[in-house]
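**Student:** What follows is a predicted structure for the sequence shown.
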Number of protein chains: 2
Amino acid sequence: MASQYPELKMITLDDGFALSFQERLILRHTRHAPCLWMGTGTADIEMFRGNFSIKDRLDEKIALTDVNVMQQPSGWTLHFSRGDTAHAILDISRDDNGCLSLKLHNEHPGHNRIWLRLAAMPADHIYGCGEQFSYFDLRGKPFPLWTSEQGVGRNKSSYVTWLADCKENAGGDYYWTFFPQPTFVSSQKYYCHVENSGYMNFDFSDADFHELAFWEDNATLRIECAATYISLLEKLTARLGRQPELPDWVYDGVTLGVQGGTDVCQHKLDTLRQGGVKVNGLWAQDWSGIRMTSFGKRVMWNWEWNSELYPQLDERIAQWKQEGVQFLSYINPYLASDKALCEEAARRGYLTKDAQGKDYHVEFGEFYAGVIDLTNPEAYDWYKALIKKNLIDLGCSGWMADFGEYLPTDTFLHNGVSAEIMHNAWPALWAKCNYQALEETGKLGEALFFMRAGYTGSQKYSLMMWAGDQNVDWSLDDGLASVIPAALSLAMSGHGLHHSDIGGYTTLFEMKRSKELLLRWCDFSAFTPMMRTHEGNRPGDNWQFDSDAETIAHFARMTTVFTTLKPYIKQAVAQNAQRGLPVMRPLFLHYENDAHTYDLKYQYLFGRDLLVAPVYEQGRSDWTLYLPQDAWINAWTGESHSGGENVTVAAPLGQPPVFYRANSEWQPLFASLRQIAVQ
Amino acid sequence: MASQYPELKMITLDDGFALSFQERLILRHTRHAPCLWMGTGTADIEMFRGNFSIKDRLDEKIALTDVNVMQQPSGWTLHFSRGDTAHAILDISRDDNGCLSLKLHNEHPGHNRIWLRLAAMPADHIYGCGEQFSYFDLRGKPFPLWTSEQGVGRNKSSYVTWLADCKENAGGDYYWTFFPQPTFVSSQKYYCHVENSGYMNFDFSDADFHELAFWEDNATLRIECAATYISLLEKLTARLGRQPELPDWVYDGVTLGVQGGTDVCQHKLDTLRQGGVKVNGLWAQDWSGIRMTSFGKRVMWNWEWNSELYPQLDERIAQWKQEGVQFLSYINPYLASDKALCEEAARRGYLTKDAQGKDYHVEFGEFYAGVIDLTNPEAYDWYKALIKKNLIDLGCSGWMADFGEYLPTDTFLHNGVSAEIMHNAWPALWAKCNYQALEETGKLGEALFFMRAGYTGSQKYSLMMWAGDQNVDWSLDDGLASVIPAALSLAMSGHGLHHSDIGGYTTLFEMKRSKELLLRWCDFSAFTPMMRTHEGNRPGDNWQFDSDAETIAHFARMTTVFTTLKPYIKQAVAQNAQRGLPVMRPLFLHYENDAHTYDLKYQYLFGRDLLVAPVYEQGRSDWTLYLPQDAWINAWTGESHSGGENVTVAAPLGQPPVFYRANSEWQPLFASLRQIAVQ
């Protein structure tokens, strides 16, 4: 059965059908291997400090074996049924953008679960689903999609994970992420994006199908194909939005994560500058004051300048700015229940509610906070105005827009939508509030905020992602290494700007950040679009950028490498803004005929012409990586390689394995990296 | 709708029915709250050394909302359906024994999963399901029923469990057991027993129903009511069978677990007897030789006297027997692949097969073993003859009949029944083989074997259970404490003879058996029907019965306590043999109006007149326990208590908290315990 569009084909079979789109088999249905199930479940969702336990008591799951295909002007309407027990409609059409649209609708009142199986080939690779820290190729596993803490350890066979699980169910698992997204790219060169926000589970573990489970009716899937991955990402980002270019100062050095007050900031800045470090900013997350808890020093969640801890900050911000050093602060979408801003929000009725209609306060670890109801336009505007007045007007050139992933499912919102449905959408709403505060003050392009939480919509509104809270360790699932698949999977989900806390953040149990880890992370960060440090939650336990002269000298070298690359990185960021080409790219984006590149999760292209393979193991002096066929030059030795094989290179501290393309227009710039002093 | 039996009532409702039996509501069905589901799943069962990972890929689960009730001479036939998608029949009748019978039959070819919901009341307590180590009252949790290793640690929040899970998925969980059984007792005073052996999951977590899941068609449930728990156990054991009385020598002291050869046995026996310990037997599990592995010293699985390690054993057995000391050995239903007996079994075709029809060999940790096909009558008889010849004829008065829980699900059996169905039934078949070897040689009542694995049928054929492989630690889920709910849940499942390795067995990681643990375990064992020690799998790491003079003196005292109680214990064992009244009893068996007794899982009645509350924590000098209302005397101090409350008593080593009833016929015997010397 042909549609009016030749690229969209329906073949009706004896007891089913097959649907293809631009020669990709999308759906295949027979009575014995159906593509659609309906059912009934009762969700059991428990949250403790952003750690979710999600279970579904499944009461019913019914295969919809029977299907009746009706041709429509723009496609087909499929009536699925199973006798009288279950009915559903699938509308298949091609939208005005040339995109295949699948709209599911449950016709049976008792059912609230839908499973749809998309056809797959055994050899397909799958990428995306937001920011995935443990796997880049998602084939072989289910990926529940729910924004949450990312977990501490994230691997049930690690001791840290076990300890964190025992403590507060915080250990997490391979799929825990701040930024899930119901979007994936298949190596058949199509993307599939689902436009909903309820809980979903994309299961890629079967050889012949991908099973997408929805807990929300009226799921809408958009599928678009392209001839290349680059063109596919252009199409995906055209749909979802792209991040604008970064402020120019971002490329001018490292943003120092500093706490403790104006004098500490000044002192650390002076020390680093004297040591030759290029510093582009000071990021003081405790600008609003501090609160001591057993987890460590916490920020006071009352978003206004604390002039006791930060005397003369306003004047100093202006002075620093003249010296080329920006000041960055911190905010999140909660207000500490015991402080004035929360009281004001409560008085105005701007907090989310509990079942009794009272203000909902979330436990955050020895203190409570109210949740700003971003679905209430007045509350949203009030919070946006707070950002403008208390952060932008103070002179902040940026801030961490933290959290977004904690929206409890049992709170009640102004817009009347269930918090279970709004939970995933929340981070993008929070991003939008920050984005508009900048946009409306004309500061986009000058100031910057960075987020860890995300969802569909973050592409357009979240100016920069950071990888959240890595452990200060070498673990694959939650240490330095995990940042690489995180950046790449986010890239394949349409967000192309990603960086991480240099040295990691989570300092618990017996973990302490070593000097070696800090230096390796610094090396890696010089080949990401932003360099920014974090002290970690227990600063005294961690090696810091100013812990010794050698470390300062290391930062001096690597910030020089980073600033030397400024014109190249700016071009890569511009490509991301204009075409959705991510700054950190999987190799197969440019070497799609090289089958080996599809399995690489710990190396990437930084822009078009640099290949980076960060050292993520302790005590290494060399490193093995894969080079696709091309003319490569080792950035530090000048040695040439023609690629198509693994190479082992010396990898001392300060010389992370990096190769550039010999015939790049940037070849002279890259060659100049070898002139930068090695300390 | 009345049946011909007034105690069986069917009420048809507008859109359903309610079935009651002797005034217990058994089933309740409406269109919106149905009692039956059918579905389709694909089992994924993986075994590694008796540790099973069991998953079910659920393709379909359909509520059978519609029901058509047809009266039959002896009850009703219910046709359940859901349009054309699912059909099932439930035959309800009262059998000749006055037992309610529910027979389920799936009428739809594609379905292989059944869920039945039995009506429950929120306050109901549930006991049984075989040997449960972590919970006694099973309400609030699902209990998958599958015989397997019991796990090492058995609690995901324990470090030992985590280590064992990392090592070989061996940590286990709260429901892992050697002896599951689809039988439970409700505090509504009925039992429900399912006559099948496929994988089941009994889920007691809902307030209003118990959901029983079956992976096998034609499930048959038997439900019987009684006025008292005692009468209920009488009825249950009349159905399932009862254990005969124990050989008289069992009450004459401790059976010493010894390894290392004839001389070691003699030496340890002499040492203990010189120290005043009453020894009734030597149990040498390495009588057939040893094999060294990284787990520790293992027995050579080739079931014949190894005269190198045990020279003159035949003569010595006769001599020891004259001295009142029995010799016990060891066997299991596997034959080491590299030894002669396995070769003979293979030659005769007596091993189970793999999918290619070749002999199936199981990996047991650095060696392999063939599985004797007990469904092959010739193989069964050959193995039984082997027991008669090699064990009984040698003069063994008993043995550990180990294992039974490892039958792989991918092996093929002579009887043509799937190994997935036979897996649970295997332990009882193994018990029967041992039982008949004794029966046919006229040795029942003289000799004894003890098992850890069990299932329905073990009541009749397994002469004595032991609690398997506790850790040599104080953990609730896998240490001394866990033996108590294990004995009590087995008691409520119809098996009334239970004991444990004194001091525990599993010695891994950093666990080592302390002196205190050994002595507390010895104290506890004097109030069980059999005292038997085990060196553990790493004897050198553990405190042993002969590790110092104080320990020997402690065993002297506690074996004197035990032998002093001989006439009383014999009576209790006789009650078990005659009426199915377990030797170790939950308090509510005799104090059913005391609501508090239903929550006690770490204390028990030993026979009718002794109340025992073992100390299961380290470093304790007192202990708190509950006494129901009665006239109680502290066995060690003579102090009186009227009960109905918690009491705290001194609990030094050698004086486990034990109370006797003041008006017991055994009062003089109990009072004499106070004359036994305290060392």
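**Tutor:** Nice, thanks for sending it over. Residues are numbered from 1 along each chain as shown, chains lettered A, B, ... in the order given.
**Student:** So what's the residue count around whichever residue of the stretch 1-150 of chain A sits closest to chain B?
**Tutor:** Chain B sits closest to A:Gly83 of the stretch 1-150 of chain A, with a gap of 3.3 Å, by CB to the nearest CB. Bear in mind the C-beta positions are built from the backbone N, C-alpha and C, glycine included. Neighbours of A:Gly83 under the rule other CB atoms under 10 Å in any protein chain shown: 15.
**Student:** residues in contact with the nearest residue to it once chain neighbours are set aside?
**Tutor:** In space, and not counting its chain neighbours, A:Gly83 is closest to B:Gly83: 3.3 Å by CB to CB, 6 or more residues apart in numbering or on different chains. Under the criterion of CB atoms under 8 Å, 6 or more residues apart in numbering or on different chains, the neighbours of B:Gly83 are A:Arg82, A:Gly83, A:Asp84, A:Thr85, B:Asp66.
**Student:** again, only using 7 Å
**Tutor:** A:Gly83, A:Asp84, A:Thr85 (CB atoms under 7 Å, 6 or more residues apart in numbering or on different chains).
**Student:** Contacts only, for the second one.
**Tutor:** By CB under 7 Å, 6+ apart, the residues touching A:Asp84 are B:Gly83.
**Student:** per-residue confidence for it?
**Tutor:** On pLDDT, A:Asp84 comes in at 86.
**Student:** Equivalent analysis for A:Met1, please.
**Tutor:** 65.
**Student:** Would you mind listing what in the stretch 501-650 of chain A touches chain B?
**Tutor:** Proximity of the stretch 501-650 of chain A to chain B (CB under 7 Å from any CB of the partner chain) involves no residue at all.
**Student:** could you show me where the strands are in the stretch 351-500 of chain A, in order?
**Tutor:** A:361-363, A:368-371, A:398-401, A:448-450, A:465-466, A:498-499 (DSSP state E, counting those that start in this stretch).
**Student:** what packs against the fifth one?
**Tutor:** Secondary structure elements in contact with strand A:465-466, counted by 3 or more CB pairs under 7 Å, 6 or more residues apart in numbering or on different chains; DSSP states H and E, are absent; no helix or strand qualifies.
**Student:** now do the third one
**Tutor:** Packed against strand A:398-401, as judged by 3+ CB pairs under 7 Å, 6+ apart, are the following elements: strand A:326-331, helix A:419-440, strand A:448-450.
**Student:** Helix or strand: which one has the closest residue to chain B within the stretch 401-550 of chain A?
**Tutor:** Closest to chain B within the stretch 401-550 of chain A is A:Phe509: 12.6 Å, counting by CB to the nearest CB. Assigned by DSSP states H and E, A:Phe509 belongs to neither a helix nor a strand.
**Student:** Repeat that for A:Ala43.
**Tutor:** Counting by DSSP H and E, A:Ala43 is part of strand A:36-48.
**Student:** Which positions in that strand come out as buried?
**Tutor:** By 16 or more other CB atoms under 10 Å in any protein chain shown, the buried positions in strand A:36-48 come out as A:Leu36, A:Trp37, A:Met38, A:Gly39, A:Thr40, A:Gly41, A:Ile45, A:Met47.
**Student:** Residues in contact with the helix or strand bottoming out on mean pLDDT in chain A: which ones?
**Tutor:** Ranking every helix and strand in chain A by mean pLDDT, DSSP states H and E puts strand A:296-299 at the bottom, with a mean of 84. Counting by CB under 7 Å, 6+ apart, the neighbours of strand A:296-299 from elsewhere in the structure are A:Gln259, A:Gln285, A:Asp286, A:Ser288, A:Ile290, A:Arg291, A:Tyr330, A:Asn537, A:Arg538.
**Student:** Does the third one belong to a helix, a strand or coil?
**Tutor:** The three-state label given to A:Asp286 by DSSP: H, G, I helix; E, B strand; the rest coil is coil.
**Student:** Around chain B, pick out the residues from chain A.
**Tutor:** Neighbours of chain B within chain A, by CB under 7 Å from any CB: A:58-63, A:82-85, A:157, A:162, A:166.
**Student:** Mind splitting chain A into its structural domains?
**Tutor:** Listed by automatic domain parsing, the domain ranges of chain A are A:8-225, A:248-329+A:376-407+A:421-582, A:587-675.
**Student:** ranges for the helices of chain A?
**Tutor:** Using DSSP state H, the helices of chain A run over A:159-168, A:229-240, A:262-274, A:313-322, A:340-348, A:377-386, A:419-440, A:458-461, A:483-491, A:515-525, A:549-564, A:566-579, A:667-672.
**Student:** Quick one, which of those helices gets closest to B:Gly357.
**Tutor:** helix A:159-168 (43.7 Å; CB to CB).
**Student:** List of residues touching that closest one?
**Tutor:** With contact meaning CB under 7 Å, 6+ apart, helix A:159-168 is reached by A:48-49, A:51, A:152-155, A:170-172, A:471, A:509, A:511, B:157, B:162.
**Student:** mind listing the strands for the stretch 551-679 of chain A?
**Tutor:** In the stretch 551-679 of chain A, the strands defined using DSSP E, counting those that start in this stretch lie at A:584-585, A:604-606, A:610-612, A:622-627, A:632-634, A:640-641, A:645-650, A:658-661.
**Student:** Buried deepest among the ones you listed, which one?
**Tutor:** strand A:584-585 (a mean of 26; mean count of other CB atoms under 10 Å in any protein chain shown).
**Student:** Point out where chain A drops to low pLDDT.
**Tutor:** Scanning chain A with the threshold set as pLDDT under 70 gives A:1-3, A:679.
**Student:** if you set the cut-off to 90 instead, what comes out?
**Tutor:** By pLDDT under 90, the weakly predicted segments of chain A are A:1-6, A:13-15, A:73-74, A:83-85, A:95-98, A:108-110, A:167-168, A:292-297, A:364-365, A:677-679.
**Student:** that older thread, could I get the strands of the stretch 551-679 of chain A in JSON lines, plus columns for distance to B:Met200?
**Tutor:** Converted to JSON lines, those look like this (distance: least, CB to CB, whole Å):
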{"stretch": "strand A:584-585", "distance to B:Met200": "51"}
{"stretch": "strand A:604-606", "distance to B:Met200": "50"}
{"stretch": "strand A:610-612", "distance to B:Met200": "54"}
{"stretch": "strand A:622-627", "distance to B:Met200": "50"}
{"stretch": "strand A:632-634", "distance to B:Met200": "61"}
{"stretch": "strand A:640-641", "distance to B:Met200": "61"}
{"stretch": "strand A:645-650", "distance to B:Met200": "51"}
{"stretch": "strand A:658-661", "distance to B:Met200": "59"}
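**Student:** Of these, which is nearest B:Phe524?
**Tutor:** Closest among the strands of the stretch 551-679 of chain A, once you apply CB to CB, is strand A:622-627, at 57.8 Å.
**Student:** packing partners for the closest one?
**Tutor:** Strand A:622-627 makes packing contacts with strand A:645-650 when contacts are defined by 3+ CB pairs under 7 Å, 6+ apart.
**Student:** Could you check the angle the strand it packs on makes with strand A:622-627?
**Tutor:** With axes from the mean of the first three to the mean of the last three CA atoms, to 10 degrees applied, the angle from strand A:645-650 to strand A:622-627 works out at 150 degrees.
**Student:** Now do strand A:645-650: which elements does it pack against?
**Tutor:** strand A:622-627.
**Student:** Adjacent strands (with direction) for the strand it packs on?
**Tutor:** Looking at strand A:622-627 with DSSP bridges, its partner strands are strand A:645-650 (antiparallel).
**Student:** List of residues touching the strand it pairs with?
**Tutor:** A:Ser621, A:Asp622, A:Trp623, A:Thr624, A:Leu625, A:Tyr626, A:Leu627, A:Asn634, A:His641, A:Pro657.
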